[in-house]
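Chemist: got a predicted model here, sequence first, then my questions.
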Amino acid sequence: MDLGPADEYWLDEFVGDDEDWVSKFWQDLNIVDEESAHIGEPPTPAENTTSTAISSIPTSISSSTVGQQRLSNPDNAERIPFNQKWDVLKPEIERLYIIENVPLRDLVRIMKEKHDFDAVEHQYKNHFKKWWGSRKNIRSTDKRDLVHIGRDRAKLGKGTLATYKGRPVDSRKLQREAKGMVKGLKIAGHAKLSLLPSFFAPSSLGAQISVPKDFHIHTPPELVDPLHEVSLPVQLSSALASIGVMDRASMFLQGRHNELLKSMNKTEASTMSIWLYEFWLFGFTAAKNWGRGPQIWNATNLRFSDWQSSSIDSAARSPGSLEPGAQDQSTNSPESHDIGSTDVADPCQFCRWSVHMEYCTASDYHYVSESSSESEFDGGEESRKAPAFEERLKERLESNDFSSINLSQVPVSVPAIVKAVKSSPNELLEEAIGFSIMGRNASLLYDLLRKAREANLVTSNLYPFHLAISYLDGSKTCCLMLAILFIHSPGQWRWDNKANSNDLGHTLLDTLMITILTNHTSTSPGTVDHALKKNHIFPGQETDICGRWDADSPCYQQLLLSGKSAIPSKWKHKFCHTSAQAVCHCITEIDNLGIKLGAPSGLFLNHCSYCGAKLQLSSLHSLVMTSFYLATAAHEDEDLFGAISCLLKLLTCEIDPGQTSNISLLMLLGVAEGDTCSHQDFTPAEFAEALQRESGDAWPEITKTGWKILCHILRLAKEIHDGFPLDFDNQNESEDVTGRHSGEGEDSRTDPGFSLSCSHHEEFRPERVFGKDRTLGHLWAAAQTELLTHRRQCEEHPWTSEKFDLPAVLKCLEKRSILSIPLVKESMMRPYCACGHFELPFSISSPNRTTACSHDFSNMVQFSRETFIDEDLLWS
């Protein structure tokens, strides 16, 4: 039987003599197909494949002539019932409609004129669906997969015949796809080099390429008849020959990173991952030190060559300190621990912290009392002559001197990438902004945002506000990066939908909750959001929120070299004061921008498997669930003070404590559902109490105390919100608990227990719970002061000081009595209002020790662990 060129899809050998270097990269690539479980098996010559291949060709090819002969006879045509004519004419219909791409209206006419087959369009459509399913055309992703499969098989000496749902694939479509894959290389909006850390996971290396659904791959028979020499396969092979490393460059620039890795064997994928990681770490380190440290970073001073050595000098430090004139920047990592060592040292368990200052000179900004290269290094002439940061990224990408891998070994076309980068200045600027955020370099971010405003830059999927929260650093910058973004970014960044919601539907408050879980629990991404179930790490995990490690710290680099990419549980500790203060300050900045903090949460979202109801948490319910994971994180000293502080802060932002959410405890706790709906409405207080009943018995006593305080605050807030009468001890109302008498000149709006009024009291709003009782204001003022004045300094010290006595707080809440803890009853705080707000100067948005403390009683006197933050950049 003759096989025409339109009836089969051929991919012959196409790798030319000058492309042998490409083929060696594919010798180990695995592929799953029907013919062989391993594409890497050597081709077997003299295989008798003719009969097999022909037998697999659709029946349309072998029955076409017979069917047409039957209907060409008028007597036969009259005797065949109309319903049966469909199957007889199917080969002819398929040839016209599928192979020759005849429009449906013309097909109806041709079949009627030539075969006296009188059917209407909707009857054809019904049979098309019956024969071939709902799709006539092949998806672009499937065509790309077929192009890759055919290319790989051809390099192994195997031709390819592809069929889709039993019918041959038109090679002209694949030829167009192959040519399109190498045209128009440019940076796609979502191809962010700065967002690549999670791309380096070892689990993604050496992935198999599967044949798309409904496709079959066969080796075609040998063609011995010269009449069967067709041009299309040759043209297709020529098109395929032009892709290779070019199509990978296209994948890279379009952000198709998973697809890029799938196109490589394990060796290539490993090489690619190392190269990408080296570029990312170069960009991160350069951004972190820009303007205050070494300006030239390359494979030598980044010590990438040491990664592959068995041992290195015992005096090795972090990459950020290897340039002459720079001192150790490692975050509490042992100096004697080598980058090349096989053992992974644990970081120090004690936090660093940052302090907001009212006034500092510009030269003091961010470096005061910081014993690192940030305060010691003077870039001098090198710094003054340095090109723009985004230009430095482009230069290093072009020269490849940031990497330990030779350019010829990189399995993508780097020149094509560089060309695309040069033609996409705005995308390069956005890339630089991403690195500046992750490097927490406020001065660099400020300069780049100025350029973004001038260029009217529109972000693609960078989501800068979410990125700043994911890389939140309470030890050095606290909320400063987020505040700079809010104030100095282009206007459209702040007011479009991306300001509060990212591509996963997570709000900024959701991202703060994820940051808490990332830094203080081992909760998996899939637990937080089903869309993240394939991810095994959260973004930002390479930077510890309380400054104990960073992406360029030896301990973290050794962790990666040991084959692990997730932070070990033993590195993490309770939700500490440094972390809680940074989160609360970020909530303040979000609220100041006017972003709705009470928007529904995108975390822990479920759907009832019985009725299909959407089970979505409110923002307070999401905080309760986050607190639950903190309580179950196996930190024996977790007292939930940080969660209590976040709750009080959110309540000051007028989030409704009585809002109910439809919740299934069984689904949230991972318990299989029954045959009926398991969800019901819970207020945040009811939800917290239900979680404690389910799992709270196993918690340490200090955790139980913190959880009970959380529940009491939620119940109290709901009662105040609902207008219920409060049964509090009102003794000494003429004199507040600090002993300060309310004088005659005191504002009438001032609560008897407070000595300061604020603008929040000027109008009555039912959603406001602060200012209506004698407890919440004292609690919030005391919590802020505790965050400002106490850090754990040694193993024997408590995480929360005796000045904020948690058992005493619980006792007061249970008895509904005036709060009696040292911070309140010993007059250790400056005046504050019923909202718990201190009097602040215009230059700062959150209190510091000067504005909160009546005298100096802080234990935070270790200047080597303290960074002072000047907020001059906010108002420049």
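Modeler: That came in fine, so what should we check first? Numbering: from 1, shown residues only.

Chemist: so where is the stretch 201-350 of the chain shaky, pLDDT-wise?
Modeler: Counting by pLDDT under 70, the stretch 201-350 of the chain shows low-confidence ranges at 201-210, 213-214, 216-245, 306-343.

Chemist: repeat that with 90
Modeler: 201-277, 292-296, 298-346, 348-350 (pLDDT under 90).

Chemist: same question, the stretch 401-550 of the chain
Modeler: Checking the stretch 401-550 of the chain against pLDDT under 90 turns up 406-427, 457-462, 489, 491-501, 503, 533-537, 539.

Chemist: pLDDT at Thr705, what is it?
Modeler: Reading off the confidence values, Thr705 has pLDDT 96.

Chemist: Asn848 now?
Modeler: In this model, Asn848 carries a pLDDT of 87.

Chemist: state the number of residues packed around it.
Modeler: 19 (other C-beta atoms under 10 Å). C-beta here means a position set from N, CA and C on the backbone, and glycine is covered the same way.

Chemist: report the contact partners of it.
Modeler: Applying C-beta atoms under 8 Å, 6 or more residues apart in numbering to Asn848 gives the contacts 355-358, 788.

Chemist: same question for Leu716.
Modeler: So Leu716 contacts 726, 773, 775-776, 813 (C-beta under 8 Å, 6+ apart).

Chemist: next: Thr515.
Modeler: By C-beta under 8 Å, 6+ apart, the contact set of Thr515 is 469-470, 472, 540, 545, 583.

Chemist: kindly recompute the last result at 10 Å.
Modeler: Contacts for Thr515 were tallied using C-beta atoms under 10 Å, 6 or more residues apart in numbering; they are 466, 469-472, 538-541, 545, 579, 582-583, 586, 626.

Chemist: so which pair among the residues you listed is furthest apart in space?
Modeler: By the measure C-beta to C-beta, Tyr471 and Thr626 form the most distant pair in those, at 18.6 Å.

Chemist: between the two, which is the more surrounded one?
Modeler: Ranked by neighbour count (other C-beta under 10 Å), Tyr471 and Thr626 place Thr626 first, with 27 against 24.

Chemist: next, the more buried one: phi, psi?
Modeler: Main-chain dihedrals, Thr626, degrees, to the nearest 10: phi -60, psi -40.

Chemist: surely it touches Leu668?
Modeler: No. With contact defined as C-beta atoms under 10 Å, Thr626 does not reach Leu668; the gap is 11.9 Å.

Chemist: intersection of neighbour lists for those two?
Modeler: Shared contacts of Thr626 and Leu668, counting by C-beta under 10 Å, 6+ apart, come down to Phe604.

Chemist: which residues touch Ala566?
Modeler: 201, 522, 524, 536-538, 541, 559.

Chemist: residues of the lengthiest helix in the chain that come out buried?
Modeler: Once the chain is assigned using DSSP state H, the helix that runs over the most residues is helix 266-289. Buried residues in helix 266-289, defined by neighbour count with 16 or more other C-beta atoms under 10 Å: 267-269, 271-289.

Chemist: ok, stretch 471-482 next?
Modeler: 471-482.

Chemist: quick one: the strands in the stretch 651-800 of the chain?
Modeler: 661-664, 679-682 (DSSP state E, counting those that start in this stretch).

Chemist: the chain too?
Modeler: All strands of the chain, identified by DSSP state E, fall at 31-32, 161-164, 167-168, 209-210, 215-218, 353-357, 606-607, 614-615, 661-664, 679-682, 866-870.

Chemist: how many neighbours does the closest residue to Val102 other than its chain neighbours have?
Modeler: Once flanking residues are discounted, Val102 sits nearest to Leu96: 4.4 Å by C-beta to C-beta, 6 or more residues apart in numbering. The number of residues packed near Leu96 is 18, by other C-beta under 10 Å.
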